[in-house]
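Visitor: Show me how the following folds:
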Amino acid sequence: SSSSSSSSSNSNSNSSSSVRKNSATRQCGTSDSIMDLQMTMDGAVAAMAGGAVLGTATMVKLAVNGNILGISGIVNGICGTLVSRSSSPWYWRAVFTLGFLAAGMVLRAVAPEALQALPTSMSWARIVLAGALVGLGTSMGNGCTSGHGISGLTRLSKRSVVATATFMTSAACTASITATSGYFPTATADAPIVSATVAIASSLVLLGVLGTFVGVLSTAVGPKTAAAAADSADHPARLATEFMAAMSFGLALGISGMGRAQQVAAFLDVHDGVWDPTLALVMGGALAVTLPLYHLHVKTMIPVLNIKLEIPSRTDIDLNLVVGAGLFGAGWGLCGVCPGPALINVFAPGAMVWQSRNGAFIAAMLGGALVEQLIKQWRNDRKIACMQCADEEAMPPAADQEADAEAPATSKDCTAAETVAPNP
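Guide: Presented below is the predicted three-dimensional model:
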């Protein structure tokens, strides 16, 4: 009976893989190849068009506000501000997050198929673990697919190259070993989100809006406004830029297909011999825009609303970077969701976010980041306390200081006495 059940289970698994592989073969016509590609022409065009908008939004934020677009760093920074009780500006982080939520609302209204709720076949434990690993890992490693994968690779940062290679490898291994793609319905695996025409038109509209925004802002902002904005990250003009860049980025995720965890999982999970290269085309489309723009112009410019580019200066490859990237990759591979898509999928069709698996993922992600920030704050406090103790131990006691202060006077008095009264 056990053998029969095992045989039946294997048969169903093989059948599912066969359906997925046959579907991919119909799309690409590569039935004799080792790895079948699961992609349509419309999907490829949408991925590259959406990627171009991702890259443009990244450069707009850097050229105007002078800071990089890293979703996990910005969102996790809110947790860091709460933990450290810092008085540094944080409204810009909240406005950036609202931009992603606004993008999710727009996608839900005009293209709900661009969003995807995590399937009920995924256990709550798996989703909570995935979210916690993503939050913990991105906070430890200081970045995710946007901060390291786009912004960092654009600058040719060594840290970002190592981090991206680490989390990509970790995610692919985790997704393939745990068969993440198997949790999603195969019926929609090959269905393009939008046609190539709609993807190109939508991307051109977003590029036009971003270009117009930068042009109007550059013309309207005078020296006084620029100086005021440079002094505060929460200046209204900078907040408007944060919102515009975040919303455009979020909409581009929907256009490119990255709002659906299924397509991300199909890129990471190759256990059944089927691969969806959509994610690679999205990243390629983004870097095709950011690399030339950054190195030919943005790298040497003075931002519109800042006095200089606020670029991370660290170049060391430390343990936190590698371990954090590995943890993030493991969480990403478990369900195919990273911080950006998680935010826009707050409005995914299905149950309300506080009742859904998407909501559980976001809560666990924020919880993981908060735990890492608490540990970091505890270590900093302990380090400061140890330094203070060392300083106190190095200082002589007050009584000794008084004795040392009195000693020279006593010696001087004795010498004077000897001089007055000669030795008989």
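Visitor: For residue 66, grab phi and psi.
Guide: Residue 66 has phi and psi values of phi 80, psi 10 when expressed as degrees, to the nearest 10.
Visitor: How much space separates it from residue 184?
Guide: In this structure, residue 66 and residue 184 are separated by 40 Å, where distance is defined by CB to CB, to the nearest Å. (Each C-beta comes from the backbone N, C-alpha and C, glycine too.)
Visitor: ditto for residue 304
Guide: When CB to CB is the yardstick, residue 304 and residue 184 sit 43 Å from each other.
Visitor: Between those two, tell me which one has more neighbours.
Guide: Relative neighbour count places residue 184 above the other of residue 304 and residue 184, with 24 against 21, counting by other CB atoms under 10 Å.
Visitor: Please enumerate the helices of the stretch 1-150 of the chain.
Guide: Across the stretch 1-150 of the chain, reading from the start of the chain, the helices by DSSP state H, counting those that start in this stretch fall at 2-28, 41-65, 71-84, 91-110, 124-141.
Visitor: Please read the previous query as pertaining to the stretch 201-350 of the chain.
Guide: Per DSSP H, counting those that start in this stretch, the stretch 201-350 of the chain has helices spanning 223-231, 236-256, 261-268, 278-296, 319-335, 339-344. These are given in chain order.
Visitor: which one of those helices lies closest to residue 126?
Guide: Within the helices of the stretch 201-350 of the chain, the stretch nearest residue 126 is helix 319-335; the backing value is 5.9 Å (CB to CB).
Visitor: List the buried residues for the closest one?
Guide: Using 16 or more other CB atoms under 10 Å as the burial criterion, the residues of helix 319-335 that qualify are 321-322, 324-335.
Visitor: isn't residue 101 right up against residue 340?
Guide: No - contact between residue 101 and residue 340 fails when scored by CB atoms under 8 Å: they sit 11.6 Å apart.
Visitor: Looking at these two, which is more packed in?
Guide: Between residue 101 and residue 340, counted using other CB under 10 Å, the more crowded position is residue 340 (25 against 15).
Visitor: The closest residue to that one other than its chain neighbours: how many residues sit nearby?
Guide: Closest residue to residue 340 in three dimensions, ignoring its sequence neighbours and counting by CB to CB, 6 or more residues apart in numbering: residue 71, at 4.7 Å. Per other CB under 10 Å, the neighbour tally for residue 71 reads 28.
Visitor: which residues sit in contact with residue 71?
Guide: Contacts here follow CB atoms under 8 Å, 6 or more residues apart in numbering; on that basis residue 71 touches 100, 144, 146, 147, 249, 339, 340, 343.
Visitor: The third one: how many residues sit nearby?
Guide: If you count neighbours by other CB under 10 Å, residue 146 ends up with 25.
Visitor: pull the CA atoms of stretch 227-238 into CSV?
Guide: These are the backbone C-alpha positions of stretch 227-238, laid out as CSV (Å, rounded to 0.1, in the frame of the first residue of the first chain):
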residue,chain,number,x,y,z
ALA,A,227,19.7,75.0,-0.4
ALA,A,228,16.7,74.4,1.8
ALA,A,229,16.1,71.0,0.3
ALA,A,230,19.8,70.1,0.8
ASP,A,231,19.5,70.7,4.5
SER,A,232,16.5,68.4,5.0
ALA,A,233,15.5,65.0,3.4
ASP,A,234,12.0,65.8,4.4
HIS,A,235,11.7,69.0,2.2
PRO,A,236,8.5,68.9,0.2
ALA,A,237,10.3,68.9,-3.2
ARG,A,238,12.4,65.9,-2.1
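Visitor: The longest helix seen in the chain relative to helix 124-141, how many degrees between them?
Guide: In the chain, ranked by residue count with DSSP state H as the criterion, the top helix is helix 357-394. An angle of 40 degrees separates the directions of helix 357-394 and helix 124-141 when computed by axes from the mean of the first three to the mean of the last three CA atoms, to 10 degrees.
Visitor: buried set for helix 357-394?
Guide: 357-373, 376.
Visitor: now for that helix, which elements pack on it?
Guide: helix 71-84, helix 124-141, helix 339-344 (3 or more CB pairs under 8 Å, 6 or more residues apart in numbering; DSSP states H and E).
Visitor: how close does residue 96 get to residue 267?
Guide: Computed with CB to CB, the distance linking residue 96 and residue 267 is 26 Å.
Visitor: hang on, the earlier thing: and the helices of the stretch 1-150 of the chain: which comes nearest residue 390?
Guide: Comparing the helices of the stretch 1-150 of the chain against residue 390 with CB to CB, the closest turns out to be helix 71-84 (23.1 Å).
Visitor: count of neighbours near residue 112?
Guide: Neighbourhood size, residue 112 [other CB under 10 Å]: 13.
Visitor: Thought residue 350 was touching it, still the case?
Guide: No - proximity of residue 112 to residue 350 does not meet the contact threshold set by CB under 8 Å, at 10.1 Å.
Visitor: re the thing from before, closest one to residue 279 among the helices of the stretch 1-150 of the chain?
Guide: Go through the helices of the stretch 1-150 of the chain one by one with CB to CB and the one that ends up closest to residue 279 is helix 41-65, at 7.9 Å.
Visitor: can you pull the buried residues of that closest one?
Guide: Residues of helix 41-65 classed as buried under the neighbour-count rule (16+ other CB under 10 Å) are 42-65.
Visitor: Then stretch 154-172?
Guide: Of all the residues in stretch 154-172, those buried under the rule 16+ other CB under 10 Å are 154-155, 157, 159-160, 162-164, 166-168, 170-172.
Visitor: re earlier: average pLDDT across the longest helix of the chain?
Guide: When pLDDT is averaged along helix 357-394, the result is 86.
Visitor: same check, this time on stretch 325-345
Guide: The predicted model assigns stretch 325-345 a mean pLDDT of 96.
Visitor: Quick one: residues contacting residue 57.
Guide: For residue 57, the contacting residues are 69, 210, 245, 246, 248, 249, 252, by CB under 8 Å, 6+ apart.
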